[in-house]
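**Student:** model the following, please.
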Amino acid sequence: MKPTTDRMLIRIKDVYLFIRDRGIVTTDDLVDAFGITPRTVQRDLNVLAFNGLVDSPSRGKWTTTEKRVKLTS
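**Tutor:** Here you go, the predicted structure:
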């Protein structure tokens, strides 16, 4: 894979773990924690939501779903 693809996948995994560890987070929490733009956060969340890993219980807030995930390094 290209280095940019690797970075993106690692970041998306880190975003998922951040949300899982904290329960419910806001989009702004993710922007601050990862130092990325709101648009990048939204793209990452779209990937996670498309795969059924996160859900938005209310606008701008995110939590993980009950879907089981096998994490690898």
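**Student:** where's Asp14, which helix or strand?
**Tutor:** When elements are assigned from DSSP states H and E, Asp14 belongs to helix 3-22.
**Student:** just want the most central residue of this protein.
**Tutor:** Nearest to the mean C-alpha position of the chain, by C-alpha atoms, centre = their mean, lies Val15 at 3.5 Å.
**Student:** returning to what we had before: does anything pack onto the helix holding Asp14? Which helices or strands?
**Tutor:** When contacts are defined as 3 or more C-beta pairs under 8 Å, 6 or more residues apart in numbering; DSSP states H and E, helix 3-22 packs onto helix 27-34, helix 38-50, strand 61-64. The C-beta positions use only the backbone N, C-alpha and C, and glycine is treated the same way.
**Student:** that helix vs helix 38-50, what angle?
**Tutor:** If you take axes from the mean of the first three to the mean of the last three C-alpha atoms, to 10 degrees, helix 3-22 sits at 70 degrees to helix 38-50.
**Student:** pLDDT on helix 3-22, on average?
**Tutor:** What helix 3-22 shows for mean pLDDT is 93.
**Student:** what's the burial count for the closest residue to the residue nearest to the centre of the chain other than its chain neighbours?
**Tutor:** Distances taken as C-beta to C-beta, 6 or more residues apart in numbering place Asp44 nearest to Val15, at 5.0 Å, with adjacent residues excluded. Neighbours of Asp44 under the rule other C-beta atoms under 10 Å: 21.
**Student:** for Asp44, give its distance to Lys2.
**Tutor:** Going from Asp44 to Lys2 by C-beta to C-beta, to the nearest Å gives 17 Å.
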